[in-house]
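A.B. asks: below is the structure, and that's it, no one-letter string:
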DNA sequence: CGTATGACGAGCC
DNA sequence: AGGCTCGCCATAC
């Protein structure tokens, strides 16, 4: 085919879409799977560029601290927390997620030849 | 082509 | 313990 758009955005979206429900991944983790071990910022930029009706579970993408972007009370932050709680993700008193528990287990997604 | 930005990460003070 | 700066990568202007 010809519609081959090697945009990192699409690559990132693809990875995010692979995040199973009830699981969360960090920007660095997604970036790493997308082929950019240091492109965490790029992932954030990709999420920022996401449209509203996107099929990308952006809410499952959080920072390495297990927190969401922006100050608590923001529309996006609140929505993200709501969506995650609905998937079974538990938030800490400080609004943090236990990456050790909910962190995405997608270990070999970056090296999986059949995926 | 060069500069500035951005929903990050890790290190340093 | 908390806050700030630098580094990295890609996009937008």
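C.D. replies: Noted; the coordinates are in hand. Note that this is a predicted model, so its numbers are computed, not measured.
A.B. asks: just the strands in chain A please.
C.D. replies: Taking DSSP state E as the test, the strands found in chain A are A:25-26, A:61-62.
A.B. asks: neighbouring contacts of the last one?
C.D. replies: Which is strand A:61-62. A:16, A:19, A:24-27, A:30, A:43, A:47, A:68, A:80, A:97 (Cβ atoms under 8 Å, 6 or more residues apart in numbering). C-betas here are computed from N, CA, C, even on glycine.
A.B. asks: so does that strand get close to DNA strand B?
C.D. replies: Yes - using Cβ under 7 Å from any atom of the strand, strand A:61-62 reaches DNA strand B at residue A:61.
A.B. asks: how far does the worst-scoring helix or strand of chain A on mean pLDDT sit from the chain's center?
C.D. replies: Using mean pLDDT, DSSP states H and E, helix A:99-102 stands out as the lowest-scoring helix or strand of chain A, at a mean of 88. A distance of 14 Å separates the C-alpha centroid of helix A:99-102 from that of its chain, computed with Cα atoms, centre = their mean, to the nearest Å.
A.B. asks: now mean pLDDT too, for the strands of chain A, in JSON lines please.
C.D. replies: Output for the strands of chain A, formatted as JSON lines (pLDDT from 0 to 100):
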{"stretch": "strand A:25-26", "mean pLDDT": "95"}
{"stretch": "strand A:61-62", "mean pLDDT": "96"}
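A.B. asks: residue contacts, residue A:101?
C.D. replies: Residues counted as contacts of residue A:101 (Cβ under 8 Å, 6+ apart) are residue A:90.
A.B. asks: what is the burial count for the residue found closest to residue A:23 once you drop the neighbours it is linked to in the chain?
C.D. replies: Once flanking residues are discounted, residue A:23 sits nearest to residue A:104: 4.8 Å by Cβ to Cβ, 6 or more residues apart in numbering. For residue A:104, the neighbour count with other Cβ atoms under 10 Å is 20.
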